[in-house]
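Colleague: build me a model:
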Amino acid sequence: MVIRILSELQDREALEAVVQALKENFRKEITMEYVKKIVKDEFFNPLRKQYNAREIVRKYLNECGDEYLLLIVDEDIYVSGLNFVFGLAWWNVAIISACRLRQEFYDHKPDRKLFIERLMKEAVHEIGHLHGLDHCSNRKCVMAFSNWIGDTDYKSWRLCSDCLRNVKY
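Modeller: Numbers count the residues shown, from 1 in each chain. Presented below is the predicted three-dimensional model:
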């Protein structure tokens, strides 16, 4: 099964790093398309000032066919019951948001290397869910749950040996 990436980000270097991380972890063919807008206004919650990730993913379910689809957006996303999410995976579609992966979101100076690492980790994590993986208890594994950005920074961008054995192809 192919992994198709649709990205609002026009950052070639960051997206190439994501593609490499996905290839190394899942050994799949990957295609990438730049799109102007993935997130439509209809998914915006004005009370939260965020976009509903589950509704966005639901919209794209019919577009993935027999491939996995990864959406990369700039907007802040959430699911009901949580303040925010870095990403979400459901059926064959995953979404990740670059918004909270940038140091600037936390009122820090930009850190390009850290941003790219975070983007890689979130992409691998969500595609891992599409491959049947649950959250891992190994905090260094990319499949560990990230409750805050510090958890994301702590973990690797690679699957641990247990998760590698459990990947469903």
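Colleague: use CA for all of it now, contacts and neighbours both
Modeller: Fine.
Colleague: which neighbouring elements make contact with the longest helix belonging to the chain?
Modeller: Residue-count comparison of every helix in the chain, with assignments taken from DSSP state H, identifies helix 112-130 as the longest. For helix 112-130, the elements it packs on are helix 12-26, strand 68-73, strand 87-90, strand 93-97, helix 149-154, judged by 3 or more C-alpha pairs under 8 Å, 6 or more residues apart in numbering; DSSP states H and E.
Colleague: sort out which residues of the longest one are buried, please.
Modeller: This means helix 12-26. By neighbour count, and taking 16 or more other C-alpha atoms under 10 Å as the criterion, the buried residues in helix 12-26 are Ala14, Leu15, Val18, Val19, Ala21, Leu22, Asn25, Phe26.
Colleague: let me see the mean pLDDT of it.
Modeller: When pLDDT is averaged over helix 12-26, the result is 96.
Colleague: list the pairing partners of the helix or strand that it is followed by within its sheet, with orientation.
Modeller: As assigned by DSSP states H and E, the chain's next helix or strand after helix 12-26 is strand 30-34. Sheet pairing here is set by DSSP bridges, and for strand 30-34 it gives strand 3-7 (parallel).
Colleague: the partner strand versus strand 93-97: what angle between them?
Modeller: With axes from the mean of the first three to the mean of the last three C-alpha atoms, to 10 degrees applied, the angle from strand 3-7 to strand 93-97 works out at 40 degrees.
Colleague: dump strand 3-7 to PDB, restricted to CA.
Modeller: These are the backbone C-alpha positions of strand 3-7, laid out as PDB (Å, rounded to 0.1, in the frame of the first residue of the first chain):
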ATOM      1  CA  ILE A   3       1.500   6.400   1.400                       C
ATOM      2  CA  ARG A   4       0.300   9.600  -0.200                       C
ATOM      3  CA  ILE A   5       1.100  12.900   1.400                       C
ATOM      4  CA  LEU A   6      -1.000  16.000   0.800                       C
ATOM      5  CA  SER A   7       0.800  19.000   2.400                       C
END
